Every structure is written in structure tokens, then in C-alpha cells.
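> everything below, folded, please.
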Amino acid sequence: MLSVVIPSLGGKILNNTISSLNSGSIIPDEIIISLPSLEHMNLVNISDKNVRLINANCYSQVGQRIYGFKIAQYEYVLQLDDDTNVDIKCIEILMDAIKKTKMSAFSPYWINFQNNSLHTKKSHNPIMAIYYWIMNGRKGYVPGTIAKAGINFGVNKNDIGKELNQIEVEWQPGACVLHRRKNLIFNDYFPFSGKAYSEDLIHSFLLKKSGVKMVTLLNAYCITDEDFGVDSIVKDFRARNYYTTIASLSKIRMLAYYVSLIISIILKKISRYFYRRT
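This is a model prediction of the structure:
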């Protein structure tokens, strides 16, 4: 009934991910690890009977994932990153939700290993209010949405009514999403080589365009390390510029975002420099 597709480069990082999948209240029928080459397949040492290693013959997270999608045998398909641990009840909660609808994709609530939300809660100071206005106009900061600047706002429970256990969103982190197989996108939608910056925004845009509703379940949990931000502004800009083009968003607001990002990086470096001197 359930296939899991994990694009990976192989290695020990997978062990904890597979262990969490096979320790949950629902065990996947198959776990497909999609690797870029035969050499990478040799790096994987996992003996679980429901694990399949495949050679996607491409060095691309998106391409490897889509190759796994095409091979997946079951009605429900979970896309998962290889550094992600699922909580014991996570898949069960996602599965219960998706069975009640035909055209929805479900994602979990993201926390780190200290049980804190991966997404920063809304800041209410005046400077940030101006920043949110520049990024998204009058709407400002809205959890789970994509601003007019093409930047994505995450979901933090502190920004949402306590009575809710789910929220419809405009984007889903690609590290964990449950689909019906019939709703999968099988075309390689990422036009650049190397690390797939903003691929989750592009993927979410295409899901929405095909009529799929995206929902985050606040009582299903996935755990991963903190996201430490952008390690290549040039590649991030290239991918986000492509996304804002296809999504018809504001290039001016997007440029303002990168100006503020660069200024923030410079100020942090200056601060660290003077901190070391004292």
C-alpha cells in the first residue's frame, strides 16, 4: 500500500532514516533508495527486506526522486530525504488523512532533535513588520504561504490557532510529503544542475497547478537537523528567479530580499570579526 522514495548519495546517513521508517506504527511496503550511480550503490549497507536500491543514473536530487516515483509500486508514495527521521506515528497520521481525500498531498510538522520548530515564529518588531510588507505587501507574514517576493514562510505552531490540527499551505518542504501515486509529477521540473535550490517551491507550484491541495498536519512530526540557510547565494538566486518567473511573482520584491540577505550576511561577518578581536 505504501512506497517510500528516498534520493540519496548513500552512506551511513541513511541508517537512522531507515530505522525510523521501520520502527513506526505503519511499516512501508517498500523503501526505494534512488542513487546516482553503481558506485554510490556500493556505499549502502542496509539489509532490511523492504529496502530496494536502484541506480537512477543521474546526479540530481529531483531526477533521482522522479526515477524512484516511476518505479514505486503502491497507491501511496512518500517522498523523503535521507537525513530525515519520522516520528513513530507520523506515517500513520499522514496515511489516515490522505485516505479521506483524492486530490491532496500531506506533509508533517517539522522539528529538530531538541523538539523545537524548524521554522522561526513571526517577529512582531517594527523593523520586521516593514520587512514583511516589502516581501509580501499588506498580507505580510502568513504561515505556510509564499510571499510576493518568492520567499516561503514556514509553519510554526506559535503563529497558528491552538484548536487547529492541520493547515492548508501554498508550499511543502520536499523532505517529507505523502502523495497518491496518481497525483505524482513524473517530469524532471528542475532546470539546473547541482544542488536543487527552491525545488520544493517549484514542485509545490506544479502540484497546485495540477489541482492538488497541500496540507500540513500539525500532529504528525518529522525530525531533522537545523537548516543553516543558503550556502550559495548565486545558485539560490538563479533557482528562485526561475520560480518567480513561472509563478508570476514580483522580481523587484525578490531583489529586495536578496539585498537584505546580503546586508544581513555582511553585518554578521562584521559582528563576528569584532567579537573575535575583543
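> quick check: closest non-adjacent residue to the spatially most central residue of the chain.
The centroid of the chain falls nearest to residue 173 when counting by C-alpha atoms, centre = their mean (2.0 Å). Closest residue in space to residue 173, ignoring its immediate chain neighbours: residue 200 at 5.5 Å, by C-beta to C-beta, 6 or more residues apart in numbering. No exception for glycine: its C-beta is placed from N, CA and C like everyone else's.
> next one: that neighbour from residue 36, what distance?
Distance of residue 200 to residue 36, computed by C-beta to C-beta, to the nearest Å: 20 Å.
> can you check residue 249 too?
32 Å.
> quick one, which of those two is more surrounded?
Using other C-beta atoms under 10 Å as the criterion, residue 249 and residue 36 rank with residue 36 on top: 21 against 18.
> contact partners for that one?
Residue 36 is in contact with 9, 55, 56, 57, 58, 59, 60, 64, counting by C-beta atoms under 8 Å, 6 or more residues apart in numbering.
> surely the fifth one is in contact with residue 66?
In other words, residue 58. No - applying C-beta atoms under 8 Å as the test, residue 58 and residue 66 come out as separate, 9.2 Å apart.
> alpha carbons only: can I get stretch 57-69 in CSV?
Extracted as CSV, the C-alpha positions of stretch 57-69 are listed here (Å, rounded to 0.1, in the frame of the first residue of the first chain):
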residue,chain,number,x,y,z
ASN,A,57,21.9,7.0,-13.5
CYS,A,58,21.7,10.8,-12.8
TYR,A,59,23.3,13.0,-10.3
SER,A,60,20.3,15.1,-9.3
GLN,A,61,18.0,15.0,-6.2
VAL,A,62,14.9,15.8,-8.3
GLY,A,63,15.9,13.4,-11.1
GLN,A,64,16.6,10.6,-8.6
ARG,A,65,13.4,11.1,-6.8
ILE,A,66,11.3,11.1,-10.0
TYR,A,67,13.1,7.9,-11.2
GLY,A,68,12.0,6.4,-7.9
PHE,A,69,8.4,7.6,-8.4
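> gap between it and the chain center?
16 Å (C-alpha atoms, centre = their mean, to the nearest Å).
> show me the contact partners of it.
Contacts to stretch 57-69, defined as C-beta under 8 Å, 6+ apart, come from residues 5-8, 32, 34-37, 54, 56, 77, 79, 181, 184-190, 193, 195-196, 199, 203.
> and the gap between the closest residue to residue 223 other than its chain neighbours and residue 272?
Distances taken as C-beta to C-beta, 6+ apart place residue 85 nearest to residue 223, at 4.4 Å, with adjacent residues excluded. Noted for residue 85: a distance of 31 Å to residue 272, by C-beta to C-beta.
> those two: which is more packed in?
A side-by-side neighbour count of residue 85 and residue 272, using other C-beta under 10 Å, places residue 85 first with 19 against 10.
> what residues are up against that one?
By C-beta under 8 Å, 6+ apart, the contact set of residue 85 is 16, 17, 20, 222, 223, 224.
> what subset of these is buried?
Neighbour counting with 16 or more other C-beta atoms under 10 Å marks 17, 20, 222, 223, 224 as buried within these.
> show me which of these is closest to residue 44.
Residue 44 lies nearest to residue 17 out of the buried ones among the contacts of residue 85, by C-beta to C-beta, at 11.5 Å.
> doesn't the closest one lie inside a helix?
Yes - with DSSP: H, G, I helix; E, B strand; the rest coil as the criterion, residue 17 is part of a helix.
> so what's it up against?
Residue 17 makes contact with 6, 80, 81, 82, 83, 84, 85 under the criterion C-beta under 8 Å, 6+ apart.
> returning to that earlier point: so which of the contacts of residue 36 is the most crowded?
Neighbour counts for the contacts of residue 36 (other C-beta under 10 Å) peak at residue 64, which has 27 neighbours.
> great, nothing more from me.
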